[in-house]
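*Asks:* Next come a sequence and a model predicted from it.
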Amino acid sequence: MTNFFDMIMTPIRAIKMRYIPLLLIYFAYGASGFSAVAETFWVKEHLKLSAENLIALGVWLTVPWTIKMIFGQMVDSFTFFGSNRKVYVYIGASLIVTGTLMMIGLVSDAPWLSHYTKEKVYILASVITVVGFVMQDVVADTMSTEVVDKTQSDEEIRKELAMIQVLARLSLGIAIFTVAGLKGWLAQIYSYETMFKLSLFIPILSIVGVTFVKLNPVASSPLNKKIFFGGFIFAAFVVFLGYNEVPYSQLIVFFVSLAVVLYMLHTLTVDLDPASIHHIKMAMIVIFVYRAMPSVGPALTWWQIDDLGFDKEFFGDLGQIGAALALVGMWISSKFIINQAIGKVLIWMTVIGSILSLPILAMYYDVHTMLGIDARTVALVDTAIASPFDYIAAVLMLTLVAIYAPEGHKGTWFALMASLMNIALSAGGLISKYLNKIFIMTREIQEEGHILVSANYDDLGMLLWIVIIIGFVVPIATIIKFNPDPSIKK
């Protein structure tokens, strides 16, 4: 009983006032899913984007995360109005408000957007919003290493860095839990316009902490011109490819961005000792591969809506249960996480995650009907069991990143490592996109009562098999080959 109480109290005892600003930024990001269910149904009902198109859009939306090095350099080196932390949170909040107002105009058929296609406005609003969250995330990541008590031993510093990542995921999880059910339940009641209007509370949350908690001033570091201007050149290159619809532009962007980020990471780590560089390389390989696993794509959600009859309210229920149990799992495992070998835990995360993918596969083959079990019951149980594991894996990867953050370049370091992780997500998105080119699935699209495209989910089962097998074999083989567990910096 004492040990259980100790596990419950560990995160609470660890919270310090200096953590509040970054925790509120993560909370705001967690709450960003408030309008997700409404957006999913609106996109399905009002946009003519295929599953492949939506996956491709998801790949493009990772680009702002890929160029985080620009924002990282700004946070490290540029001070505006006497601030190199608070001001960037305000700018990010302004961008989030702008993107949300565009979505409000879009779903309400506002006259000021009538000259533009809905698809283009949706893409632009999505990009602007993402950039706002990226900017705020850079600030929070940077502060996550600055709030550590540097008078401690190396081992104590490592544990505090891990605990800060646990608290960050808990803050994110509490926010997701808070809005998880609401986003479905309210979407069932209110209009799409009202849901996006209500979501304007999110940018307010992100500025509360930096406004009312005094931040210790942090000295600016000299600008790394290679990283800063190289990042801008890379961003311009990406925009040029995307705007001109260059053939295979996403593949080109992926390989170029990977090369650019790896080169920039090399410039930051070149002065470290060989042992540290070796462990950093091992950690980067494992993080990249773990994050690069493909998903099925939006067709799975369409199938659940069309064939299983899942509605907005039920998606809210799934979100609420998943967020609650993810939060509980992260909370009670926090003491365990900071004391375990990272590679070992990631292997177990992979095994468990693969096993928990099987109930959805079984539902596609109607196994639940043969057993007399309702599809919603299967989805609820599966969500309940699977929820904590993505959070735990995220904490482990971010702990690896935090351990090696170099002094004076923490913002740039976190931005580059986040870029690497999002390039990995792009890799997963590209694999998913090409899988959806091979296994073509469509939902029904109507216009003026006429069916333009019929629903077809015949290939979904095979796609599920492929995604599950890749997601099991590749990460485990990589983790065994490249041990990511670091030695403590001296």
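*Replies:* Looks like it came in fine. Numbers count the residues shown, from 1 in each chain.
*Asks:* who's in contact with His435?
*Replies:* If you look again at residue 435, you'll see it is Leu, not His. With contacts defined as C-beta atoms under 8 Å, 6 or more residues apart in numbering, Leu435 is in contact with 294, 297, 463, 466-467. Quick note: C-beta positions are derived from backbone N, CA and C, even for glycine.
*Asks:* swap in Gly209?
*Replies:* Gly209 sits in contact with 20-25, where contact means C-beta under 8 Å, 6+ apart.
*Asks:* Filter those residues down to the ones in helices?
*Replies:* 20-25 (DSSP state H).
*Asks:* Using JSON lines, please lay out these together with pLDDT.
*Replies:* Converted to JSON lines, the ones in helices among the contacts of Gly209 look like this (pLDDT from 0 to 100):
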{"residue": "Ile20", "pLDDT": "79"}
{"residue": "Pro21", "pLDDT": "81"}
{"residue": "Leu22", "pLDDT": "81"}
{"residue": "Leu23", "pLDDT": "86"}
{"residue": "Leu24", "pLDDT": "85"}
{"residue": "Ile25", "pLDDT": "88"}
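*Asks:* What is the nearest of those to Val270?
*Replies:* Distance from Val270 was checked for each of the ones in helices among the contacts of Gly209 by C-beta to C-beta. The minimum falls on Leu22, at 28.6 Å.
*Asks:* how deep is the closest one tucked in, by neighbour count?
*Replies:* Neighbourhood size, Leu22 [other C-beta atoms under 10 Å]: 29.
*Asks:* what do you get for Thr269?
*Replies:* The criterion is other C-beta under 10 Å. On that basis, Thr269 has 18 neighbouring residues.
*Asks:* what's the answer for the one 5 residues further on, then?
*Replies:* Residues within reach of Pro274, counting by other C-beta under 10 Å, total 7.
*Asks:* can you offset everything so residue one is 700?
*Replies:* I'll keep to 700 as the first residue from here, and by that count the last item is Pro973.
*Asks:* From Thr966, how far off is it?
*Replies:* Counting by C-beta to C-beta, to the nearest Å, the gap from Pro973 to Thr966 is 17 Å.
*Asks:* do the same with Thr797
*Replies:* Going from Thr797 to Thr966 by C-beta to C-beta gives 33 Å.
*Asks:* Repeat that for Phe770.
*Replies:* 17 Å.
*Asks:* Please say which of those two ends up with more neighbours.
*Replies:* A direct count of neighbours by other C-beta under 10 Å for Phe770 and Thr966 places Phe770 higher, at 28 against 15.
*Asks:* Now that one: which helix or strand?
*Replies:* Counting by DSSP states H and E, the secondary-structure element that holds Phe770 is helix 767-776.
*Asks:* What helices and strands are in contact with that helix?
*Replies:* The helices and strands touching helix 767-776, judged by 3 or more C-beta pairs under 8 Å, 6 or more residues apart in numbering; DSSP states H and E, are helix 785-806, helix 817-845, helix 924-942, helix 1109-1137.
*Asks:* packing partners for the second one?
*Replies:* The criterion is 3+ C-beta pairs under 8 Å, 6+ apart, and the helices and strands that helix 817-845 contacts are helix 719-729, helix 750-760, helix 762-765, helix 767-776, helix 785-806, helix 853-888, helix 900-911, helix 1109-1137.
*Asks:* tell me, what residue is most central in the protein?
*Replies:* Per C-alpha atoms, centre = their mean, the C-alpha nearest to the average position across the chain is that of Asn1121, at 8.3 Å.
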